[in-house]
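Novice: sequence and predicted structure below; questions after.
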Amino acid sequence: MILVFLGPPGSGKGTQAKRLSSQRSWPQLSTGDMLRAAIQAGTSLGREAKSFMDQGALVPDSVVIGLIGERVKQADCAAGFILDGFPRTIPQAEALDSLLSGLGRQIQSAILFEMPDSLLVGRLAGRRTCPQDGSMYHVESARPKKDGVCDQCGTALIQRPDDQEEVISNRLKVYHRQTEPLVGYYRERQLLRPIRADQGLDQVTQGLAEVLK
């Protein structure tokens with residue numbers, strides 16, 4: 001089972017990917033994680049990616065696709081995996097399809113987490129992150145046991161710069177312009193499976209389970 005998780009920032013796709021990965025033992029593949037791992041390991045693609053990142057430039061699609069190609073050949077991806085946050089554009093989706101086809105594999109479903117922008121702004125602006133272990137909290141809906149402190153490691157929580165309201169607004173504009181066309185791309189291929197993401201966490205998880213049946 002190969003799944004692509006689509007949806008605007010703050011729609012909960014990362015949280016649901018973690019839950020599903022834990023339930024089904026399908027790795028959650030994040031391009032950010034793959035880039036960091038490749039750089040730390042000093043692979044040729046990692047060195048190439050670092051050269052762009054050190055200049056403040058975007059890592060080219062060809063490098064990212066190369067990283068995904070290396071990652072999905074690993075043993076833990078044999079039974080399936082979840083792509084979280086990739087592809088972001090139609091050219092990336094086409095390159096991904098070509099890569100998987102060359103490996104004799106294909107995407108089974110593109111899960112779309114639907115949520116109106118008005119709710120997304122409130123959800124993201126209230127988000128707090130642990131800089132140590134990446135745990136996520138919310139000032140209203142997922143508060144830590146002790147205000148401002150991570151439950152897992154006791155580190156002080158932060159508000160990421162990209163979770164501030166003015167930045168959120170821009171992130172949503174970028175999503176609608178660059179990534180939303182993927183909805184049509186996967187719908188045409190009869191792979192799109194929409195889920196209402198404006199519900200409670202467990203309700204969204206249940207909705208995802210129904211879709212995967």
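Specialist: Ah, there it is. Numbering: from 1, shown residues only.

Novice: what separation do you get for the residue located most distally from the centre of the chain and residue 156?
Specialist: Ranked by distance from the centre of the chain (CA atoms, centre = their mean), the top residue is residue 146, with 27.7 Å. From residue 146 across to residue 156, the span is 10 Å (CB to CB, to the nearest Å). Heads up, the C-betas are built off the backbone N, CA and C, glycines and all.

Novice: in this structure, which spans are helices?
Specialist: 13-24, 31-41, 44-53, 61-72, 90-102, 117-125, 165-174, 181-188, 201-212 (DSSP state H).

Novice: and the angle for the shortest one with helix 90-102?
Specialist: With axes from the mean of the first three to the mean of the last three CA atoms, to 10 degrees as the criterion, the two stretches helix 181-188 and helix 90-102 enclose an angle of 40 degrees.

Novice: quick one: contacts for residue 194?
Specialist: Taking CB atoms under 8 Å, 6 or more residues apart in numbering, we find residue 194 in contact with 111, 112, 114.

Novice: buried subset of those?
Specialist: By neighbour count, with 16 or more other CB atoms under 10 Å, the contacts of residue 194 hold 111, 112 as buried.

Novice: need the contacts of residue 194 in TSV (columns: pLDDT and distance to residue 37).
Specialist: As requested, the contacts of residue 194 are exported to TSV (pLDDT from 0 to 100; distance: CB to CB, whole Å):
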residue	pLDDT	distance to residue 37
111	97	24
112	96	28
114	95	31
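
Novice: hmm, residue 87 is touching residue 182, no?
Specialist: Yes: with contact defined as CB atoms under 8 Å, residue 87 and residue 182 form a contacting pair (6.6 Å).

Novice: tell me which of those two has more neighbours.
Specialist: When residue 87 and residue 182 are compared for neighbours, residue 87 comes out ahead with 25 against 20, by other CB atoms under 10 Å.

Novice: excluding its backbone neighbours, what's nearest that one?
Specialist: Spatial nearest neighbour of residue 87, chain neighbours left out: residue 93 (4.2 Å); criterion: CB to CB, 6 or more residues apart in numbering.

Novice: per-residue pLDDT, that neighbour?
Specialist: Here, the pLDDT recorded for residue 93 equals 96.

Novice: doesn't residue 83 make contact with it?
Specialist: No: applying CB under 8 Å, one finds residue 93 not in contact with residue 83, separated by 10.2 Å.

Novice: for the closest residue to residue 119 other than its chain neighbours, grab the count of nearby residues.
Specialist: Nearest non-adjacent residue to residue 119, counting by CB to CB, 6+ apart: residue 198, 5.6 Å away. Residue 198 is flanked by 16 other residues according to other CB under 10 Å.
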